[in-house]
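>>> sequence plus predicted model, see below.
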Amino acid sequence: MLSQQQIKHLITGSMVADALGVPVEFQPRQSVAVSGMTGYGTYNQPPGTWSDDSSLTLILMANLTEGGDLEDLFRKMVRYVENGDYTPFGQMFDIGVTTQKAIDNFRARVAPLDCGDPSEFANGNGAIMRLAPLAITLLDQVDLVARIAAIHDYTVITHAHPRSVVASVIYCELLRELFLGQSLASALAIAMNRAEEVNQTDELMHFSRLRDGSFVALPESVIASDGYVVHSLEAALWANFQAETFETVVLKAVNLGNDADTVAQLAAIIFLSGHPEAPIPSDWLKTLVTTPQADQITADFAQAFGQPN
């Protein structure tokens, strides 16, 4: 089990990385040159502002801490969309198309497990970017089948195509192995083997570069950083294999451009899962927008699922 402080550190680091990427989201790689916290840009938000990546992560943390069901999770998502709850400044400024569609389905009284889009074109990174808290809660669950079932259910509520489920299993099992002290290469190999248990072997072909490890040595020019879940996961992992500190990993990820906030957030979580005591630049922490709600949700989640410091 992680300590309460390690959980808080991981969540804070993920929000920092998210905020670093927000100003340059959707910008082409050749125009991005991030070296620290900036602001405005794509969404005209102040420096340190985090996006839906962090908001939806906070929502999942609150849901898990409270022992809520999937309907409770959706009700929290509705408050995010309609009221700007779980945001830095009380107003939503970003949400993925597939997630929005799932929330709309829930508001139309569709059952939670039927809200997700099963289309092959709905395999966005929104399937995985909120799932780190779930991986933390499953750390003590030794039954792989039970873990996969939980990961499946928390994925398909928004992204119901089998490829998204496979990506979520790879991601959550990767984090689990990193929590347990495995190296990044070993954790990835184990996670890829576990993904075979999803019984979607035809989908594993889309993750072939993760399985054979060939992506690690590829030049930046061929690493895609768009919102496709396969590309985002590969880009976040690639950044981790290219650098050795939180700062350099996150900057490597952000400067890939395009879906910079999500790729950076995923890269930060992967790095901190394997380096739970790694320092985060103090000036980035000082710039990060904080709210009483986010601080309380994080503290409550850490207390519920972490060991005392």
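Structure received.

>>> A304 and A62, how far apart?
Distance of A304 to A62, given as Cβ to Cβ, to the nearest Å: 11 Å. Where C-beta positions appear, they are placed from N, C-alpha and C, glycine not excepted.

>>> okay, the two: which has more neighbours?
For the pair A304 and A62, the greater number of neighbours falls to A62 (23 against 16), based on other Cβ atoms under 10 Å.

>>> dump the residue contacts of that one.
G68, K76, Y86, I297, D300, F301 (Cβ atoms under 8 Å, 6 or more residues apart in numbering).

>>> do you know how far it is from K76?
6 Å.

>>> identify the contacts common to the two.
G68, Y86.

>>> list the contacts for Y171?
Counting by Cβ under 8 Å, 6+ apart, Y171 touches I128, L131, A135, A191, L233, L266.

>>> tell me which element it falls in.
Element membership of Y171, judged by DSSP states H and E, is helix 162-179.

>>> dihedrals phi and psi, the closest residue to A224 other than its chain neighbours?
Among residues not flanking A224 along the chain, H231 sits closest, at 4.0 Å (Cβ to Cβ, 6 or more residues apart in numbering). According to degrees, to the nearest 10, the main-chain angles of H231 amount to phi -70, psi -40.

>>> low-confidence stretches in the chain?
Along the chain, no part satisfies pLDDT under 70.

>>> residue nearest the centroid of it?
Central residue of the chain (Cα atoms, centre = their mean): M129, 2.3 Å from the mean position.

>>> and that one, which of the three is it?
Taken by DSSP: H, G, I helix; E, B strand; the rest coil, the conformation at M129 corresponds to coil.

>>> which ones are touching it?
Going by Cβ under 8 Å, 6+ apart, M129 touches D53, L56, T57, S232, T262, Q265, L266.

>>> run the last query once more with 10 Å
Contacts here follow Cβ atoms under 10 Å, 6 or more residues apart in numbering; on that basis M129 touches 14, 18, 51-54, 56-57, 96, 99, 171, 227, 229, 232-233, 236, 259, 261-263, 265-266, 269.
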